[in-house]
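Chemist: predicted model follows, preceded by the sequence.
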Amino acid sequence: MQGEKLRWGIISTGNIASDFCADMTFVDNGELVAVGSRNIENAHAFADKFSITNAYGDYQSVYDDPNVDIIYVATPHNLHFENVRDALMAGKHVLCEKPITISSEESQQLFDLAKQKQLFLMEAMWTYFLPAIVKAQQWVAQGRIGKVKQIKADFGYPMPYQLESRVYREDLAGGCLLDMGIYPLAISTLFTDAELDNFYVKPQFAPNGVEDDLVILANAGDVHLTLGTSFQCKLHNWAIIIGEKGSVVIPDFWRAKSCELYHSDDLVNSFQDNRQSIGLNYEAQAAGEAVLANKLEHPNMPHAVSQQLQKQMEAIRSTYIK
């Protein structure tokens, strides 16, 4: 490593990779040094856009680049296992977009490999690192709303049905659960300690059989969960944490810029994040800090939480995929 800055290699040149690289301008412990794409022209265009020194027409060259310390994987869901495995085998730390894999068996293999290689590996659950989410956690931990009794969260946007679209292609692990439903599950997991159980799942399906709308009712211990996700329509996209003494409301929780604390109907506190970035910089900064501190996991998003989310999604899918 060079000084106190990590050198990042980017895998894929899609939208989320572009957002991540744009937000790297707000990260003070990292720099972009390489990008890989299966199309060399795309790699060069991406490198020019973000002033990245090295552009490659494949992924392995990024893993093998001696000037790269950490890899950001932003490929489609079904490629994550292969991409993360190859990066770890090349001796690179990894931040991988969610879901980190499409099964708990695959993700456990990756976590075991990372520990064997003594390398940092984290699922890129950017929501967990947003200041508004951290503030909401503090309020709940301080007992400001009393014991948590219910959590309501949903995330959905219209995604017109197109069979060739990544989000609808079964071979690319499409469907609203992995793409959007992971967010309501993640926010509920953040505010509960117990495993999800006693769940009821009501799915709807696109013409090709991929789920495009889900309602999930469940318990996490004695906390009731009401969760939703959809490609069919825009949902409220809010999270509400309800306790015995009050509630925390988080608008657009997946990319949260604010949160509000209520006692009954009275607003008693609020928080506003006036960031100029999209918000992906917080997870990148945190990953860099962990690597530079020789940590293999980050406490905000440890391997155990990724595994918990994977198993929750498997349990949900098992109710409608036989």
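Modeler: All right, it came through fine. Residues are numbered from 1 along each chain as shown.

Chemist: the residue most central in space within the chain and Asp222: what is the separation?
Modeler: For the chain, the residue nearest the mean C-alpha position is Met125 (2.8 Å; Cα atoms, centre = their mean). As judged by Cβ to Cβ, to the nearest Å, Met125 and Asp222 stand 25 Å apart. For every residue, glycine as well, the C-beta is placed using N, CA and C.

Chemist: thinking again about what came up before, quick check: nearest residue in space to the residue nearest to the centre of the chain, chain neighbours excluded?
Modeler: Spatial nearest neighbour of Met125, excluding adjacent residues (Cβ to Cβ, 6 or more residues apart in numbering): Met301 at 4.9 Å.

Chemist: what about Arg38, which SS state?
Modeler: The three-state label given to Arg38 by DSSP: H, G, I helix; E, B strand; the rest coil is coil.

Chemist: check the one 4 residues further on too.
Modeler: Following three-state DSSP, the label given to Asn42 is helix.

Chemist: same question for Gln162.
Modeler: Gln162 is classified as coil under three-state DSSP.

Chemist: ok, now how distant is it from Asp212?
Modeler: Here the criterion is Cβ to Cβ. By it, Gln162 lies 12 Å from Asp212.

Chemist: common neighbours of the two, please.
Modeler: Tyr168 (Cβ atoms under 8 Å, 6 or more residues apart in numbering).

Chemist: would you mind measuring from the residue lying closest to Tyr157 once chain neighbours are set aside to Met159?
Modeler: Leaving aside its sequence neighbours, Tyr157 sits nearest to Lys234 (Cβ to Cβ, 6+ apart; 5.4 Å). For Lys234, the distance to Met159 equals 10 Å [Cβ to Cβ].

Chemist: show me which of those two is the more surrounded one.
Modeler: Met159 (19 against 10; other Cβ atoms under 10 Å).

Chemist: which ones are touching that one?
Modeler: Each residue near Met159 by Cβ under 8 Å, 6+ apart is listed here: Ser165, Val167, Tyr168, Cys176, Asp212, Phe231.

Chemist: need the distance between the two termini of stretch 285-301.
Modeler: Using Cα to Cα, to the nearest Å, one end of stretch 285-301 lies 13 Å from the other.

Chemist: now do that stretch: everything it contacts.
Modeler: Under the criterion Cβ under 8 Å, 6+ apart, residues 1, 4, 6, 26-30, 69-70, 93, 95, 114-115, 118-123, 125, 128-129, 283, 303 lie in contact with stretch 285-301.

Chemist: could you do stretch 88-99 as well?
Modeler: With Cβ under 8 Å, 6+ apart, stretch 88-99 has contacts from 6, 9, 16, 60, 63-64, 68-75, 77, 80, 83-84, 87, 110, 113-114, 117, 119-125, 178, 182, 186, 283-284, 287, 291, 309-310, 313.

Chemist: among these, which ones are in helices?
Modeler: Using DSSP state H, the members of the contacts of stretch 88-99 that fall within helices are 16, 60, 63-64, 80, 83-84, 87, 110, 113-114, 117, 182, 186, 283-284, 287, 291, 309-310, 313.

Chemist: PyMOL command to pick out the buried ones of those?
Modeler: In PyMOL, this line selects whichever of the ones in helices among the contacts of stretch 88-99 come out buried by 16 or more other Cβ atoms under 10 Å:
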select buried, resi 16+63+80+83+84+87+110+114+117+182+186+283+284+287+291+309+310+313
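
Chemist: could you measure from the residue nearest to Met125 over to Gln118?
Modeler: 19 Å.

Chemist: who has more neighbours, these two?
Modeler: Under the criterion of other Cβ under 10 Å, the comparison of Met301 against Gln118 puts Met301 first, with 27 against 10.

Chemist: mind checking the SS state of the more buried one?
Modeler: State at Met301, reduced to three classes by three-state DSSP: coil.

Chemist: any idea how far it lies from Arg169?
Modeler: Met301 is 27 Å from Arg169, by Cβ to Cβ.
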